[in-house]
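Colleague: structure here, sequence nowhere to be found:
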Ligand SMILES: [Zn+2]
Ligand SMILES: [Zn+2]
Ligand SMILES: [Zn+2]
C-alpha cells in the first residue's frame, strides 16, 4: 500500500465495489452519521452493528444476506418499527434515507 492516500481514497474504493448492484447511482457520501443497525439478528435481538451510509450496503449483503435476492423481489424492511415493503434494489437507499439520516443532494 505504498500509494495509499488515506480515508478518502479508501471510501471511494469501497463505494465502487460494494454499491454497484444495490445502489445504482453511487456517489461519494459526506454523511458522517453513524448508528447501530436495528435489523433483527439471528438470535432474535437487534443486530447492533454500527453502520453509516457508506458501510450499509456491504453490511446488509454480508450480515443480512441481501445479495441473493433478485432485483425485482420485494423485501420487508425489518428495521425496528419500520416494516415498510420496498423493492430489493431500493432497499439500501431506503435504509440510508429513512434510518441513517441521509439527505439527497
Ligand atoms: Zn445489521
Ligand atoms: Zn425501513
Ligand atoms: Zn449518505
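Modeller: Okay, I see it. Given the structure is predicted, the values throughout are model-derived calculations rather than measurements. Ligands and ions are numbered 1, 2, ... in the order given.
Colleague: helices of the protein, residue ranges please.
Modeller: Ranges of helices in the chain, per DSSP state H, are 7-18, 56-64, 91-94.
Colleague: residues near residue 46, how many?
Modeller: Residue 46 is flanked by 15 other residues according to other Cβ atoms under 10 Å. To be clear about C-beta, it is placed using only N, CA and C from the backbone, and glycine gets the same treatment.
Colleague: so what's it closest to, chain neighbours aside?
Modeller: residue 38 (5.2 Å; Cβ to Cβ, 6 or more residues apart in numbering).
Colleague: give me the number of residues near the one you found?
Modeller: Neighbours of residue 38 (other Cβ under 10 Å): 17.
Colleague: still on that earlier bit, among the helices of the chain, which gets the worst mean confidence?
Modeller: Confidence, taken as mean pLDDT, is least for helix 7-18 of the helices of the chain (a mean of 43).
Colleague: so how far is residue 72 from the closest residue to residue 47 other than its chain neighbours?
Modeller: Nearest residue to residue 47, sequence neighbours excluded (Cβ to Cβ, 6+ apart): residue 37, at 4.1 Å. For residue 37, the distance to residue 72 equals 25 Å [Cβ to Cβ, to the nearest Å].
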